[in-house]
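# pasting a predicted model and its sequence here:
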Amino acid sequence: MGSWWRHPVGMVLVMGALLVAVACGSGDQHAAADNGGVRSEDTGDGAKKLESIPAGSKSTQTPLLMRVLAPPEPVKGSDGKYHLVYELVLTNSSPGTATVKSVEAIDAGSGEVVGTRTGDDLASRMALLGDISGKTSEKIGNGQVAIGFMDVAFEGRRDIPKSIENRVRTVFDIPKGFASNLFPTNTIDTDGRTEVLNKKPVVIGPPLEGNNWVAYNGCCTVSPHRGAMLALGHRLLAAERYAIDWIKAGDLGFSVEGKKLERFSSYGEPIISVANGEVVEVVDKYPDNPPGVLNPDLKLKDAAGNHVIVDIGGGRYAFYAHLKPNSIRVEDGDLVGRGQQIARLGNSGNTSQPHLHFHVVDEPLALGADSNLPYVFDAFDYQGSVEEDGTRKLLKTPEPRRDELPLALSLVTFAAPEED
């Protein structure tokens, strides 16, 4: 299938791509929260009908193991819907190749199917763990692990189930040989059960100001951020699940390519604090990269480049990366107010085009936090969207939005911070 981080616009090579490159394979199948029993049906040629296996059966053959990486939290997107974003970890324990045909998300309480992915739509949301080519595929080789980057949307918050499970239909190409007859050729397995966290995302102010800001690599499609599966401390983490690369679309298009950073509309723009808080980490030692160039000597610890982490309360930390050298105005321990300028947008770290990488985590770590958390902006104007080629689809009149997360390629305006 097609690549999902080879973008034609401005050669954006962001932090997430590096994280995918270093993610270690993990076949760990620890049960997710609220783990239910397995129901598996062999739909091979000899089967007369689909038969449900009693939940909790330990003798049921399940050659494709599944689990949800972490319980999802609902977040309202700029499409007006509530999104459950999660990663389905699939391990092929058979001696053949597994082809995933469909994934259904099911309300574990009612049994209702609340979301379905099939065909190209499903294939475009699956990638092999540790594959740095950028390719997506529904095929999982024997002994391989794949990640299904799932997104289930609901019209209202009341429609969101308390827990979900996943029904996966798989076809196996089992090679002829010893014991090949002992493996099924078709299965429908139901597992990967997880609770849905009954939390509301943190409401924050904007990290930037002005119009024509594009939410690049944003929620909830497959992107370098969704694909940033990082193994740290023997944990497999979706390190940048809700991260956004903010790029300003200038008068000449999405961005301006050239040999000088100053030609890019985003470069040097003020970066402001999204909330009151305390600065807990400042790194300001990296030079800007020339446009279109990645530093081949960077290590994982260098990926964020110049960055700031601010404790915004409630166990949440705002993370600002790729900052312009010598532009950071705060120090460790400083108290900052919402709307206060903390730095300027640059091109340091693992990036080849000026942009602000922003996300919220549950620990004051550039990398390695247990959870990459959802968040919403309390106010912005939705201008429309931008295609990958830079084509704009603008509304006649920008729409005021409240408490929403701009989805991928949204074009938005952030109001200037109010003066005290």
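Structure received.

# can you list the weak-confidence ranges in the protein?
In the predicted model, the chain carries pLDDT under 70 at residues 1-57, 251-258, 419-420.

# again, only this time at 90
Low-confidence segments of the chain (pLDDT under 90): 1-61, 131-135, 137, 177-180, 221-222, 249-259, 263, 293-295, 387-392, 416-420.

# domain parsing for it?
33-68+72-195, 202-414 (automatic domain parsing).

# tell me the most buried of those domains?
Mean neighbour count (mean count of other C-beta atoms under 10 Å) peaks for domain 202-414 among the domains of the chain, with a mean of 19. Every C-beta, even on glycine, is put in place using the N, C-alpha and C of the backbone.

# and it, how far apart are its ends?
One end of domain 202-414 sits 18 Å from the other (C-alpha to C-alpha, to the nearest Å).

# over to stretch 212-230?
Length of stretch 212-230, first residue to last, C-alpha to C-alpha: 32 Å.

# same check, this time on stretch 59-75
Termini of stretch 59-75 sit 38 Å apart (C-alpha to C-alpha).

# likewise for stretch 233-248?
In terms of C-alpha to C-alpha, the two terminal residues of stretch 233-248 are separated by 36 Å.

# please report how far P354 lies from W246.
Using C-beta to C-beta, to the nearest Å, P354 is found at 10 Å from W246.

# common neighbours of these two, please.
Residues within reach of P354 and of W246 at once, by C-beta atoms under 8 Å, 6 or more residues apart in numbering, are S266, L345.

# which stretches of the stretch 251-400 of the chain form helices?
For the stretch 251-400 of the chain, no helices are identified by DSSP state H, counting those that start in this stretch.

# ok, now the stretch 1-150 of the chain?
Counting by DSSP H, counting those that start in this stretch, one finds helices in the stretch 1-150 of the chain at the ranges 15-22, 119-123.

# just the CA trace of stretch 175-189, in CSV.
C-alpha atoms of stretch 175-189 as CSV (Å, rounded to 0.1, in the frame of the first residue of the first chain):
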residue,chain,number,x,y,z
PRO,A,175,2.6,-23.2,3.8
LYS,A,176,2.4,-26.9,3.1
GLY,A,177,4.5,-29.0,5.4
PHE,A,178,4.7,-30.6,8.8
ALA,A,179,1.7,-29.8,11.0
SER,A,180,0.2,-27.3,8.4
ASN,A,181,-3.1,-29.0,8.8
LEU,A,182,-3.3,-28.0,12.4
PHE,A,183,-3.7,-24.3,11.6
PRO,A,184,-7.0,-22.7,10.5
THR,A,185,-7.1,-20.9,7.1
ASN,A,186,-9.8,-18.4,8.2
THR,A,187,-10.8,-17.0,11.6
ILE,A,188,-13.1,-14.5,13.1
ASP,A,189,-11.8,-13.6,16.6
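
# chain center to it: distance?
34 Å (C-alpha atoms, centre = their mean, to the nearest Å).

# which non-adjacent residue is nearest S223?
N217 (4.2 Å; C-beta to C-beta, 6 or more residues apart in numbering).

# wouldn't the one you found be in contact with P406 here?
No: using C-beta atoms under 8 Å, N217 makes no contact with P406, being 11.8 Å away.

# and for those two, which residues touch both?
With contacts taken as C-beta under 8 Å, 6+ apart, N217 and P406 have I244 as neighbours in common.

# please save the CA atoms from the helix or strand that contains R167 in CSV.
Here R167, judged by DSSP states H and E, is contained in strand 163-173. What follows is strand 163-173, C-alpha atoms only, in CSV (Å, rounded to 0.1, in the frame of the first residue of the first chain):
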residue,chain,number,x,y,z
SER,A,163,-16.0,-0.5,26.9
ILE,A,164,-15.2,-1.8,23.4
GLU,A,165,-13.9,-5.0,21.9
ASN,A,166,-12.7,-5.8,18.4
ARG,A,167,-13.8,-8.5,16.0
VAL,A,168,-11.1,-9.3,13.5
ARG,A,169,-11.6,-11.4,10.3
THR,A,170,-8.3,-13.0,9.1
VAL,A,171,-7.3,-15.2,6.2
PHE,A,172,-4.1,-17.3,6.7
ASP,A,173,-1.9,-18.6,3.9
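
# same for it, what does it pack against?
Packing contacts for strand 163-173, counted by 3 or more C-beta pairs under 8 Å, 6 or more residues apart in numbering; DSSP states H and E, involve strand 64-68, strand 82-92, strand 97-107, strand 186-195.

# centre of the chain to it, how far?
Relative to its chain's centre, strand 163-173 lies at 21 Å (C-alpha atoms, centre = their mean).
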